[in-house]
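> Sequence first, predicted coordinates after that:
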Amino acid sequence: MLAFFACTFLYLSISLISTAILPVFLRQHPFATAAAAAAGVSTPTAPAPSNPITTTSTPRTAALAQVRAELNERGLSAFIIPSGDPHLSEYPADHFCRRAFISGFDGSAGTAVITPTQALLWTDGRYHLQAEQQLGPDWTLMREGQKDVPSIAAYLKEQLPADAMVGIDPTVHPVKFVQALAKTLSLKNIHVKPLAVAELNPIDLAWTKAGGRPPAPQSPVRVHSLEHAGETVGAKVRKLGEEMEKEKADILVAGTLDEVAWLLNVRGKDVPNCPLAVAYAVLESRDTSSRRKSSEKETKAIIFVEDAKLGKDAREHLTHECQAEIRPYGEIFRYLSDAVAKGKKVWLDPDKSNYALLQAASGLPAETVRTDNPPSSLVSKPSPIALLKALKNEAELKGMRAAHLRDGAAEVEFLAWLDKEVQARSVSEVEIDRVLTGFRAKREKFLGLSFDTIAGCGANGAVIHYRAMEGVCGEMGKETMLLLDSGAQYEDGTTDVTRTVHFGNPREEEKEAFTRVLQGHIGIDTAVFPEGTPGFVLDAYARRALWAAGLDYAHGTGHGVGAALNVHEGPHGISSNFANLIPLQVGMVVSNEPGFYASGQYGIRIENLLVVVEKEGLGGEGGRDPRKRRFLGFERLTHIPISKKLIQVDLLSNEEVEWIDKYHNEVRERVGPLVTSPEAKAWLVEATAPLVR
C-alpha cells in the first residue's frame, strides 16, 4: 500500500515516516465480523463508522468564528492545524483529528491555516478532488504541487505584517517543521508562538462547544509475546544503551508509538489500523558506580502511560520483565525539563519528535523557537531505534511468513468468490472491501486491517489514494478492471498486498500496461546487489519496461513494513529519493509495488512484500567482488496469484515467463493447503496454471 509513501515518505524524506500519507484513516475501519461463504451466503452489513467530523458546514462556520475570536484574544494573527497527534502518527486517533473537525476535509495529508479573514487548506494532488467536495464555502483549497501555489511559510510571510504572531500547538508539529517555519518567517520579523503544553488548543475549545469530540483513546495495553517479538526488552535496552554511550547521551526519547511498542514488546488498540498504545518511553543511563568500583552505567526504561490502560499482565510485564518504571503520560515534559536542569544530555530525533519535547529537552522558554544549532544538552540526530526495529529477527520473520500464508489463503478465497459473482452481477467497491475483510477475519490471529482497503474499479483505480464510500462508489462487472490494495494485522505479522484483476476480456492497452508493470515488479524481485546499496539504486529496475514505452508512475516503489506493527516504517525504502542513503540490509522487509495510472480510465499496481536476504555464494572472501562484499537479494513473503488474463505474454522474456510460472507454483504449494473452499481450491489451480505462449 503505497499512498502514504507516494508523496511524503518516498519523495521527500525517508525519516518523516511517522507523519503519514495513505487514506486518512481517521476512523476505525468497519470490520466485518464474518466472511461471506463462497457458495452464496449473504455478506454481512458493515456497521456505520464513527465520525468525529462535523458533517454540515453551518456548525463548522460557527466553530471557525469561535476559533478566530480566540486567536484575537490571544494576539495571534494565524494558527496552523496539522493532521497528526503528539506522536506524529500516520493514523491519529479520532480525539486528535482537529483539522478534520474544523475544515470538514478528512484526507490524511493536509494542513489547515486560519487567519482573521482566511481559512485555507493545503493538500497534495491525491486529495484535490476530495477536498473540493468536502470543504465548505468558508475555506480556500491550496493545491500543493501546482504552479504559483505558495508553501504555508511563504504564504504567511507574504500575507502577514511584520511583528505578527503565528500560533502553533507544539505537541503536534515535528521539530523540523517548526524550525523551518520560524526561519522563513523571521525574514520578515514574524514570530512563531508555541502554545504552552498545558494551554488549551483553540480548536479543542470550539470542538468541545460544538459537542461530540471523541475522548482520548483508552484501550488496554497488551503484551506482545516473546514468541513473536524474538528478543527481550532487556536485550534491546542493552543494544540501545551502547548507542547512547557512543553519543554520550544520558536519555534517549522514543516519541513515536511504534518505537515505544517495539522497545517494550507491547501493543494496543489506541490507533486505527496500527496495534499501538498511546505512550512515550525513554531510556535513561544511570551511574551505578560505588567508591570501590570504577564508573559503571546501566540503562533503564521509563514508560509514560495512563495508569488505567495497564491491566495485570501488562503491569507485570513492564515492571518485572522489562524492569521499567511507570509514570503518568503527561509527565514526559516535566521529566525532560528536570533532567536538563540536572545536566543530563537528551537524544531526540528531530524528524520523529514533536516540538514540545524539544522545548523540554532544551530548557527553552515556552514561547521560544530556536532555529540555530542545538544546545549542548541535546543530541539531535536520528534515533537508533528505527534501524534496529527494521532489522527483523528470525522470530519476527517466522511470524511474518506465517501471517502472509494465512492472508494469502483469505485473498484467494475472496478472489474466487469475486470471479464467480461478477460473471452474474455487478459488485460494488464497498462490498468488495467488506467481503474481503470478512474472509480475513476468519483467519487465525486476525486483529484488524493494516490500512483502509483501496478498492478502485475502472477509473477509480487511477486515483492512487482512493477510498470507496457507500452510495457514491463504483461497481465491478465482468469487463471492469479492479485495483485492490489491502492488508491486515495479525498477532504475528503485518500484511500489505496489491492485485489488479480482470475477469473478462481486457483491452490490449490494459494488457500492455499491466505487463510492463509486471516486468518492473519482476525486476525488483530478482535484483541482486552488493551490501551497502541504498534503495534508490534499485528504483529504475521497476521503471525500465514502463520507460521504454514512455510510461511511468508518480510514487515510490517500496516502503518498509513492521513486524506485527505499522504497515509503513523506515528508515529504508525504494524510490527515486536520492537523499535516502540508508542501505537495504538483511532482515529488512520492503514492499515491491510499481504501477501505472491512466487518468479517467484505469489503474494498475502489483505489490508483494519482500525480505532482504543474503545470496549465498556470490560474495564475501570467496567471491569475485574486489571489495569482498556480500551480495543480497529478496525472499518473497506474499503468495497470491497474479492475474494471467492481463498478461501480454509476447512482451515477456523467457526468464520472465519462468519467474511467473515458478511463483504461481509456489503460491499453489504454500497457500493451497490453507484454502478451505473446494471452489476456491479449483479456482487457485486454474489461476496458477502455467502461462500459455
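Sure thing, it's come through.

> Now tell me what touches stretch 533-540 from outside.
Surrounding stretch 533-540, the residues in contact under the criterion Cβ atoms under 8 Å, 6 or more residues apart in numbering are 524, 527, 529, 547, 556-558, 572-578, 580-584, 590, 632. C-beta: built from backbone N, CA, C; applies to glycine.

> 7 Å instead, please
Taking Cβ atoms under 7 Å, 6 or more residues apart in numbering as the criterion, the residues outside stretch 533-540 that touch it are 524, 527, 529, 557-558, 572-578, 580-584.

> OK, contacts around the closest residue in space to residue 477 that isn't next to it in sequence?
With Cβ to Cβ, 6 or more residues apart in numbering as the criterion, residue 477 has its nearest non-adjacent residue at 4.8 Å, and that residue is residue 426. With contacts defined as Cβ under 7 Å, 6+ apart, the neighbours of residue 426 are 475, 476, 477.

> before we move on, what about residue 308?
Remark: with contacts taken as Cβ under 7 Å, 6+ apart, residue 308 is in contact with residue 218.

> From residue 333, how far off is it?
When Cβ to Cβ, to the nearest Å is applied, the distance between residue 308 and residue 333 equals 20 Å.

> ok, residues contacting stretch 220-231?
Identification of contacts with stretch 220-231 by Cβ under 7 Å, 6+ apart yields 232, 265-268, 277, 305, 309-311, 313-314, 317, 393-396, 399, 491-492, 564.

> Report the residue spans of the protein with pLDDT below the cut-off.
Flagging of the chain using pLDDT under 70 yields the residue ranges 2-57, 289-296.

> State which helix of it is the longest.
Taking DSSP state H as the criterion, the chain has its longest helix at helix 394-422.

> Quick check: what element follows it along the chain?
Heading C-terminal from helix 394-422, the first helix or strand you meet, by DSSP states H and E, is strand 427-428.

> other SSEs contacting that next one?
In terms of contact count using 3 or more Cβ pairs under 7 Å, 6 or more residues apart in numbering; DSSP states H and E, strand 427-428 is assigned the packing partners strand 475-476.

> how far out from the middle of the chain is the strand it packs on?
The chain centroid and the centroid of strand 475-476 are separated by 28 Å under Cα atoms, centre = their mean, to the nearest Å.

> Can you give the strand pairings for that strand, parallel or anti for each?
The strands beside strand 475-476 in its sheet (DSSP bridges) come out as strand 427-428 (antiparallel).

> Let me know the next secondary structure element after the partner strand.
Tracing the chain C-terminally past strand 427-428 and defining elements by DSSP H and E, one meets helix 429-441 next.

> Give me the distance between the residue nearest to residue 477 and residue 311.
For residue 426, the distance to residue 311 under the criterion Cβ to Cβ works out to 47 Å.

> Count the residues that sit near the closest residue to residue 313 other than its chain neighbours.
If the residues on either side of it in the chain are set aside, residue 313 comes closest to residue 223, at 5.6 Å by Cβ to Cβ, 6+ apart. By the other Cβ atoms under 10 Å criterion, the neighbourhood of residue 223 contains 18 residues.

> what bridges to residue 223?
Bridge pairing for residue 223 (DSSP bridges) gives the partners residue 266.

> next one: residue 140
Following DSSP bridges, residue 140 is listed with bridge partners residue 120.

> And the strands in the stretch 551-693 of the chain?
Assigned by DSSP state E, counting those that start in this stretch, the strands in the stretch 551-693 of the chain fall at 558-560, 569-574, 589-592, 595-598, 602-605, 608-614, 631-636.

> Parallel or antiparallel, which strands does the longest one pair with?
What it means is strand 608-614. According to DSSP bridges, the neighbouring strands of strand 608-614, each with its direction, are strand 589-592 (antiparallel), strand 631-636 (antiparallel).

> Among the ones you listed, which comes closest to residue 388?
Across the strands paired with strand 608-614, the minimum distance to residue 388, taken as Cβ to Cβ, is reached by strand 589-592, at 13.9 Å.

> how long is stretch 370-384 end to end?
Distance between the two ends of stretch 370-384: 24 Å, counting by Cα to Cα, to the nearest Å.

> who wins for neighbours among the contacts of residue 426?
Each of the contacts of residue 426 was scored by neighbours using other Cβ under 10 Å; the highest score is residue 476's, at 27 neighbours.

> Verify the stated contact: that residue with residue 425.
No. Using Cβ atoms under 7 Å, residue 476 is not in contact with residue 425, being 9.8 Å away.

> which residues sit in contact with the nearest residue to residue 279 once chain neighbours are set aside?
Distances taken as Cβ to Cβ, 6+ apart put residue 305 closest to residue 279, at 3.9 Å, once the chain neighbours are dropped. Under the criterion of Cβ under 7 Å, 6+ apart, the contact partners of residue 305 comprise 221, 277, 279, 326, 329.
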